[in-house]
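Build the 3D model from these lines:
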Amino acid sequence: MVEVSVHEQRLRAIRAGALYCSSPAVFAAVYAAATWGAPGRGAMLTVALTILVAAGLAGAVATRLVASRWWMLPQHAGAFVNLTGYVVLALLDGGIAGPLGAFIPTSTVLLATVLLPRAFLSVVVLNAIGYGLVVVHGDPAPPGYWLVHALGFGAAAVLCLRHSMALASLRRRLADTSRTDPLTGCLNRRGFDDRVAAALASGGPVTLVLLDLDHFKQVNDAHGHQAGDELLAWVGHELRGSISAPAVAGRLGGDEFALLLPGTGSAEAARVVDRVRNRLRAGAPSSLGSATFPQDARDADGLASVADRRLYADKAAGDRRAPTDAEVAQARSRATAAGPAATVSGRERRRHSIADPGWMSIAQTCVALVYLALFTAGHPHRGAMLVICLWGFAAGLAVVLGADWLSRSRRARPLMLAFSASSFASLAVMAVLDGGVSSTLGVGMLLPIPLLMLGMRPRVAAPLTVAAGALYAVLAVTGGASSGWYVVTNLLGTAATAVACALQGRTAAAQRRLLTRLARVDVLTGVLNRRGFGEQFTAELGHVRRHRLGAALLIADLDEFKKLNDEYGHAAGDEMLRWVAATIRSGARPHDVVGRLGGDEFVMLICGDRPGEVAERLRAALAERIRVSIGVAVLDQDGTDFDSLYAAADARLYQEKKARKLTEPGPVHAPAAGALL
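Got it, this is the predicted structure:
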């Protein structure tokens, strides 16, 4: 599964809008044919066919316009044609209270699920004008019918749009998170590669700067990985502070960083390189190399290759040194935690889905109260309807105010099912008291359905939707309706809107799952990244404690990995990291958790006994290609949480390094055959 591009999202939105809003025309054509003896049926059939042809043309043109700034033109043109057609159909069939009178408000709700807010606003204005024309020039409707339907459908459309906007915001924030390195705040490798591709596509001059910290391994060896992490966070902060938009900084892995300078030629790039080198010298002396498009290379791989060669030439040209203890201490004191501000929790999504039905109940009862106040003087059931309205308002308000608590509670599902059942029952009673499903308040039974399908899981919302539709049909049969076609129109319109909302919700859920995975997986090795490992560690630790199992944290650090990079280049180092991750993962048990915290540092949560044996098996497996140092800390013996276990395992790892005298020259491991092809 791959992430959907912006162009693909636009194309889907255009086609979905054309499909959803032209689907009522199919029913109009069938209705005209079935009632052919009534006046105006030929004109009605012609209008319906015109809408369908226009929808097909809009879908065809969208493929060509989707990459241009005119991509919204088919949506606006299609919406205008649909609106004009639905106004004519409603006037031909008796006005807003006729079987085809609900087309305009129904299309408004449908478009709320696929249009951007700005486009939707223009559509709402046009639909309001069209609906007003039908009210004025169509046959008379029951008192208050036009106002209740306009406000009711309008509230449903606004809440569907609000929910779609919330889903889009969550997706954007997840996308940002999936492209950001949580330690440094720079773009991660995936995010940086995306920006490079976009910059090269613009055609202007672009400079890529690669940066490698000198002797960073010695910082980790002398001060521990925590000190190394804080130094990396400081470097990320300094890099981001040394550039301005549209330039971006990225962390490609370990102590490897990069700068992307769009619109920058080689002469200006040299000044940027000198500025960055001087800025980092105080805490992290670095080697840098740059390459400029198009004079040095004409694609991303070529730029990276040239910049990498120049980086190693820069490293070889000078007397490179590790930062002093004082410089490390000063940089650490100024280090800034730079994890991305955009985080998205499952509870936040649940809170939105829980609150929206409550808002819908509040909106519907407010509309009903307006109707009762203005149009029901002398109505025999006015008092009973008022009591039901007050109950619906209080229940909806309770759900809205309690949404945060419900999102954390295991009782959320039964309570929300009870609330939904109560709401539909109350709306059914209101419809019966007002005169049946064809009365002014009759359509209220169907209005909440699209929002339920948009916010709830289909297996939960579908039974409610079917039950509400069945109840509406039963009341139509037993309580009377203006015509069978009126009932069928409302049921089919609601079904089409519900399907559209369900598809929108399913697409959004799939994108959230993909982005959530991308935000927690290291793009190079496929194992969990720092953020993902921390979350999975917490979850598995709960499992371990509930079942009283043993657990330990293992840290593995590749020896002389820096020498591998220096001798064979970063491509060989990347291949080695992928092989190490695959080897560790292949030896993991079902509940073990494997992650890469950065660079050549891997971690593993061992769920079960005998962690020492696991460490020895891992050391032997990795010895096939590279020497590794491993530190192990046992839960409850060496610590009770990640930080304490990490500190203990890290200390043992460096004890092992010293005991094995890793400062002596060791073998340099060549990349596997074909790794650099």
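
Three-state assignment for the residue nearest to Gly484 when sequence neighbours are not counted, please.
For Gly484, ignoring the flanking residues on the chain, the nearest one in space by CB to CB, 6 or more residues apart in numbering is Ala476 at 7.9 Å. Using the backbone N, CA and C atoms, a C-beta is placed for each residue, glycine as well. Following DSSP: H, G, I helix; E, B strand; the rest coil, Ala476 is assigned to helix.

Adjust the sequence numbering to begin at 46 for everything that follows.
Happy to do that; since the first residue is 46 now, the last one works out to Ala521.

quick one: Ala521 from Val488, how far?
From Ala521 over to Val488 the distance is 12 Å, taken as CB to CB, to the nearest Å.

Residues that sit against both of the two, list them.
A shared contact of Ala521 and Val488, defined by CB atoms under 8 Å, 6 or more residues apart in numbering, is any residue touching both; here these are Val482.

The chain - how does it break down into domains?
If the domains of the chain are taken from automatic domain parsing, they occupy 46-186, 234-378, 387-563, 575-704, with pieces of a single domain joined by a plus sign.

so how far is the shortest one from its chain's centroid?
Its chain's C-alpha centre lies 30 Å from the corresponding centre of domain 575-704 when counted by CA atoms, centre = their mean, to the nearest Å.

What's the end-to-end length of that domain?
28 Å (CA to CA, to the nearest Å).

now swap in the second one and tell me
Domain 234-378 has its terminal residues 27 Å apart, counting by CA to CA.

What sits closest to the residue nearest to the spatial centre of the chain if chain neighbours are left out?
Central residue of the chain (CA atoms, centre = their mean): Arg216, 2.2 Å from the mean position. Taking CB to CB, 6+ apart, and ignoring the residues beside it in sequence, Arg216 has Gln556 as its nearest neighbour in space, at 5.4 Å.

And Gln409, how close does it get to Pro188?
Taking CB to CB as the criterion, Gln409 is separated from Pro188 by 19 Å.

go on, Ser152?
Distance from Ser152 to Pro188, by CB to CB: 25 Å.

ok so, going back, who's more crowded, Gln409 and Pro188?
When Gln409 and Pro188 are compared on other CB atoms under 10 Å, the one with more neighbours turns out to be Gln409, at 28 against 14.

one step back: same question for the one helix or strand the residue nearest to the centre of the chain maps to: list its buried residues.
Arg216 is part of helix 190-223, with elements assigned from DSSP states H and E. Along helix 190-223, these residues count as buried under the neighbour rule (16 or more other CB atoms under 10 Å): 190-209, 211-212, 215-216, 218-223.

Low-confidence stretches in this structure?
Of all residues in the chain, those with pLDDT under 70 make up the ranges 46-66, 104, 106-121, 215, 364, 377, 380-394, 705-722.

Which strands and helices lie in contact with the lengthiest helix in it?
Here the longest helix in the chain is taken by residue count, with DSSP state H as the criterion, and it is helix 529-565. The helices and strands touching helix 529-565, judged by 3 or more CB pairs under 8 Å, 6 or more residues apart in numbering; DSSP states H and E, are helix 51-79, helix 148-157, helix 190-223, helix 493-500, helix 503-524, helix 575-591.

Taking helix 529-565 as reference, get the angle to the last one.
This means helix 575-591. Relative orientation of helix 575-591 with respect to helix 529-565: 100 degrees, computed using axes from the mean of the first three to the mean of the last three CA atoms, to 10 degrees.

Counting by contacts, list what helix 575-591 packs against.
On a contact count with 3+ CB pairs under 8 Å, 6+ apart, helix 575-591 meets helix 529-565, strand 596-603, strand 638-643, strand 646-652, helix 687-704.

cutoff 7 Å now
The contact analysis (3 or more CB pairs under 7 Å, 6 or more residues apart in numbering; DSSP states H and E) places helix 575-591 against helix 529-565, strand 638-643, strand 646-652.

can I get those in a markdown table with mean neighbour count and distance to Ala345?
Rendered in a markdown table, the data for those read as follows (neighbours: other CB atoms under 10 Å; distance: least, CB to CB, whole Å):
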| stretch | mean neighbour count | distance to Ala345 |
| --- | --- | --- |
| helix 529-565 | 19 | 20 |
| strand 638-643 | 24 | 23 |
| strand 646-652 | 25 | 27 |
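
Now distance to Val133 too, for these, in TSV please.
Rendered in TSV, the data for the helices and strands packed on helix 575-591 read as follows (distance: least, CB to CB, whole Å):
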stretch	distance to Val133
helix 529-565	16
strand 638-643	62
strand 646-652	66
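
quick one: which of the ones you listed is nearest Gly143?
The stretch from the helices and strands packed on helix 575-591 with the least distance to Gly143 (CB to CB) is helix 529-565; that distance is 7.3 Å.

Surely the residue nearest to the centre of the chain is in contact with Leu560?
Yes: the criterion here is CB atoms under 7 Å, and Arg216 meets it with Leu560 at 6.5 Å.

buried sites along stretch 233-246?
Across stretch 233-246, burial judged by 16+ other CB under 10 Å covers Asn233, Arg234, Arg235, Gly236, Phe237, Asp238, Arg240, Val241, Ala244, Leu245.

Stretch 290-304 now?
Of the residues in stretch 290-304, those buried by neighbour count under the rule 16+ other CB under 10 Å are 292-304.

Whichever strand or helix holds Gly334 packs against which elements?
In this structure, Gly334 sits in strand 331-338 according to DSSP H and E. Here strand 331-338 touches strand 251-258, helix 311-325, helix 345-362, going by 3+ CB pairs under 7 Å, 6+ apart.

at 10 Å what do you get?
helix 234-246, strand 251-258, strand 301-307, helix 311-325, helix 345-362 (3 or more CB pairs under 10 Å, 6 or more residues apart in numbering; DSSP states H and E).

and among the ones you listed, the most buried is which?
Between those, strand 251-258 has the highest mean count of neighbours, a mean of 26, where neighbours are mean count of other CB atoms under 10 Å.

Tell me which strands that strand pairs with, and in which orientation.
Each strand pairing with strand 251-258, determined using DSSP bridges, is listed with its direction: strand 301-307 (antiparallel), strand 331-338 (antiparallel).

right, and the helix or strand after that strand?
In the C-terminal direction, the helix or strand that comes right after strand 251-258 (DSSP H and E) is helix 261-268.

Report the distance from the helix or strand following that following helix to the chain centre.
Moving toward the C-terminus from helix 261-268, the first helix or strand encountered (DSSP H and E) is helix 270-286. In this view, helix 270-286 has its centroid 28 Å away from the chain centroid, taken as CA atoms, centre = their mean.

so whatever helix or strand comes next after helix 270-286 versus strand 638-643, what angle?
Helices and strands here follow DSSP H and E; after helix 270-286, the next one along the chain is strand 293-298. With the same axes, to 10 degrees defining the directions, strand 293-298 sits at 130 degrees from strand 638-643.
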